[in-house]
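Undergrad: Take a look and give me a structure for this.
(chains A and B)
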Amino acid sequence: MEELKIEKEIAEEISKTFHSAEVTVKREKRVVVKLRDDLITPFLSYAKNNMNFIHLAHISCVDWLEDNKFELIYSLLNYDNKVMILAKTYIDRENPEFVSHTNYWDQAETYEREMREMYGINFKGNKRLTEFILEDWQGIPPMRRDFDTVKFSQDTFYNRPGRENAQDVRTTVTKKSGEEIPEIGKDYTVRNL
Amino acid sequence: MREKETTLYLGPQHPGITGNMMVKLKVAGDTVVKAETHVGYLHRAFEKLMEQRTWMQSFPIVCRICVPEPDPNEENLARAVEEIEGREVPERAKYIRVMALELSRLAAYMLWMGGQSGGLGLYTAPQWSVGDRDYILDLFEELTGGRIYHMYIWAGGVRRDLPDGFKERVLKTMDYFESRLPEYDKLIFDNAIFKKRTIGIGVIDKEKALEWGVVGPPLRGCGIKHDVRIDEPYEIYDKLEFEVPTVEGGDIYARAMVRRREMEQSISMIRQVLDKMPGGPVYNKVPNPLNWYVPKGDAYVKTESARGEFGYYAVSDGSLKPRRVHVRGPAYVHGVSLLERILVGANISDVSPIMNSLGVCPPEIER
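TA: I've put the predicted structure just below:
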């Protein structure tokens, strides 16, 4: 496995510096680092300043409703060896709070603004957590898994008078044409999926 | 004497704006003092929609994230699914994918040329370039059935093989495009007015470009050679011969020249792809699309789109539907933090050319 040499060197350096980090070389040019939430800031700082991972490609959030956790993913790229690090951490889903990284990267501000709006995570230190995409949003943050989209659309929009709910296309079409849904198709109506 | 500051709302309905988006400008006289990007006019919650649909039902959604160039989205999602699953793709399908990607890059550059020069008052250019772009759309219509949204690339390969005689028609179109480039040079790139309005305008600091997250032609316009096709070759880009043009300067003209030279490279790449394309199937056997369980895992894949690095972070929890698909468009950074920064000090009339040159595409920002 000579071709993963650089990736392994990077992984080794990270595990030497951050003993509790769980480092895996996923494939060529991808290193995944799982960290405690309080180690993310030191790690990002170390990666940016000492290991030359200067490009912040994106910050993502995944809602793990069952575990009551949010997973935050920071992707960093090193322009010299083109290796990408995905730094992951879990934070609490109740009253989620995290540290802002706007002082490291300008573009972190936008990602944090969006995550505050879509997941309700409060990034301490970000001075511009203002409205971004949504306007006057009062309900629960819409990208959370427990946000009921069907209920939202039923409460917000209404069918035009004289029309019935035709969201389930397969059922509607078969009803209109007076045919039965074939046995195989029944499993795949929108409601069952 | 300090001039009085006024607020100017540019957009969302404005010919210079590259989509439905608003830039709130604080101006003193003709000069921008502060700029704020306001998005939200195009939010259709694609990422949320995908969480409620099967992986295959997500393909018609992702292509709508970028109107001028939908193929990188499809290719990214397909490759993310393939990476999570470890699915193999036939060699021929990879060649066809690259052909589709490069054709869509050409189409996107044609549209950009119209927007960039039209915004500067060269009204002939949009007529030409949008007209020429239609020849590519014709090819796409024949290949995929759709002119704008193709839904052609999917996990496991591409939907169908090339039609009879398609190769010849693509080559003929490429010959035509090549013959048109000198005419575009005369009309746009060597034009004195174009040069006067673009050289030294909207300059990105080379020292800071990497840290600010600049990608694609704006980064190469700073003289920094970075291209996903070379750094992390996907599909069959490692088998093609091409150059990554860079231009020093960091201004609108440098970015324009990068795109102009890349058009030549794209034409050459399409010819190489058609020349080297092997036979064989175009997709492997895949499960029933409505019963396609993707194993637990995640993947970050990226493509070099016409505007820069396009990334998809996809997470599967082992069910029928994606747990999360995060779309990282280049415009997300270019259109908000970078634009707000480099608009300061610009003249009001240069705001839309700067936006155009950065490739700001609002659907990518709000997905």
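
Undergrad: tell me the phi and psi of B:L8?
TA: B:L8 adopts backbone torsions of phi -120, psi 120, taken as degrees, to the nearest 10.

Undergrad: which residue ranges form the strands in chain B?
TA: Assigned by DSSP state E, chain B shows strands spanning B:5-10, B:22-28, B:31-38, B:153-154, B:157-158, B:297-305, B:308-316, B:322-328.

Undergrad: of all those, which lies closest to chain A?
TA: strand B:322-328 (4.1 Å; Cβ to the nearest Cβ). (Each C-beta comes from the backbone N, C-alpha and C, glycine too.)

Undergrad: pLDDT (mean, whole number) over the closest one?
TA: Taken as a whole, strand B:322-328 has a mean pLDDT of 91.

Undergrad: Run me through the strand neighbours of it, direction for each.
TA: strand B:308-316 (antiparallel) (DSSP bridges).

Undergrad: Just the mean pLDDT for stretch A:94-109, thanks.
TA: Averaged over stretch A:94-109, pLDDT sits at 90.

Undergrad: and it with chain B, contact?
TA: Yes. Stretch A:94-109 is in contact with chain B by Cβ under 8 Å from any Cβ of the partner chain, via A:105-107, A:109.

Undergrad: Just the buried ones from these?
TA: Neighbour-count burial (16 or more other Cβ atoms under 10 Å in any protein chain shown) is assigned, among the residues of stretch A:94-109 next to chain B, to A:105-107, A:109.

Undergrad: Turn the strands of chain B into TSV, including distance to B:R180.
TA: Converted to TSV, the strands of chain B look like this (distance: least, Cβ to Cβ, whole Å):
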stretch	distance to B:R180
strand B:5-10	32
strand B:22-28	33
strand B:31-38	35
strand B:153-154	27
strand B:157-158	28
strand B:297-305	23
strand B:308-316	25
strand B:322-328	33
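
Undergrad: Of all those strands, which one comes closest to B:K285?
TA: Between B:K285 and the strands of chain B, the shortest gap by Cβ to Cβ is with strand B:157-158, which sits at 9.9 Å.

Undergrad: which secondary structure elements does the closest one contact?
TA: helix B:91-118 (3 or more Cβ pairs under 8 Å, 6 or more residues apart in numbering or on different chains; DSSP states H and E).

Undergrad: picking that back up, closest to B:R323 out of the buried ones among the residues of stretch A:94-109 next to chain B?
TA: Scanning those for proximity to B:R323, where the rule is Cβ to Cβ, the winner is A:Q107, at 24.5 Å.

Undergrad: Name the SS class of the most centrally placed residue in chain A, please.
TA: By Cα atoms, centre = their mean, chain A has its centre lying nearest to A:C61, at 2.6 Å. Counting by DSSP: H, G, I helix; E, B strand; the rest coil, the backbone at A:C61 sits in strand.

Undergrad: That one bridge partners, please.
TA: Here A:C61, judged by DSSP bridges, has bridge partners A:L72.

Undergrad: Can you give the domain ranges for chain A?
TA: A:2-157, A:163-193 (automatic domain parsing).

Undergrad: mind checking how far the longest one is from the chain centre?
TA: The one in question is domain A:2-157. When distances are taken as Cα atoms, centre = their mean, to the nearest Å, domain A:2-157 is centred 7 Å away from the chain's centroid.

Undergrad: Would you mind writing the CA trace of stretch A:19-38 as CSV?
TA: Provided in CSV are the C-alpha atoms of stretch A:19-38 (Å, rounded to 0.1, in the frame of the first residue of the first chain):
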residue,chain,number,x,y,z
HIS,A,19,-4.2,11.2,21.5
SER,A,20,-7.9,10.8,21.8
ALA,A,21,-8.6,11.3,18.1
GLU,A,22,-9.8,8.3,16.1
VAL,A,23,-8.0,8.6,12.8
THR,A,24,-8.8,6.5,9.7
VAL,A,25,-7.4,6.6,6.2
LYS,A,26,-10.6,6.1,4.3
ARG,A,27,-9.2,6.1,0.8
GLU,A,28,-6.7,7.9,-1.4
LYS,A,29,-6.7,11.6,-0.4
ARG,A,30,-9.3,11.2,2.4
VAL,A,31,-8.5,11.1,6.1
VAL,A,32,-11.3,10.9,8.6
VAL,A,33,-10.7,12.3,12.1
LYS,A,34,-13.2,11.7,14.9
LEU,A,35,-12.7,14.1,17.8
ARG,A,36,-14.2,15.1,21.1
ASP,A,37,-16.2,18.3,20.7
ASP,A,38,-13.8,20.4,22.8
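
Undergrad: Are it and chain B in contact anywhere?
TA: Yes. Stretch A:19-38 reaches chain B (Cβ under 8 Å from any Cβ) through A:27, A:29-30.

Undergrad: Of all the residues in that stretch, which ones are buried?
TA: A:21, A:23, A:25-26, A:29-33, A:35.

Undergrad: Looking at those, point me to the pair that's furthest apart.
TA: Checking the buried residues of stretch A:19-38 with Cβ to Cβ, the most distant pair is A:K29 and A:L35, at 20.0 Å.

Undergrad: Against A:R144, how distant is the residue nearest to the centre of chain A?
TA: 10 Å (Cβ to Cβ, to the nearest Å).

Undergrad: Spit out the residues that contact these two alike.
TA: A:118-119 (Cβ atoms under 8 Å, 6 or more residues apart in numbering or on different chains).

Undergrad: low-confidence ranges in chain B?
TA: Scanning chain B for pLDDT under 70 picks out the ranges B:1-2, B:16.

Undergrad: tell me, what residue is most central in it?
TA: Centre-nearest of chain B using Cα atoms, centre = their mean is B:A306, 3.5 Å out.

Undergrad: give me every residue that touches the residue nearest to B:V244 when sequence neighbours are not counted.
TA: Among residues not flanking B:V244 along the chain, B:D227 sits closest, at 4.5 Å (Cβ to Cβ, 6 or more residues apart in numbering or on different chains). The contact partners of B:D227, by Cβ under 8 Å, 6+ apart, come to B:220, B:244, B:304.
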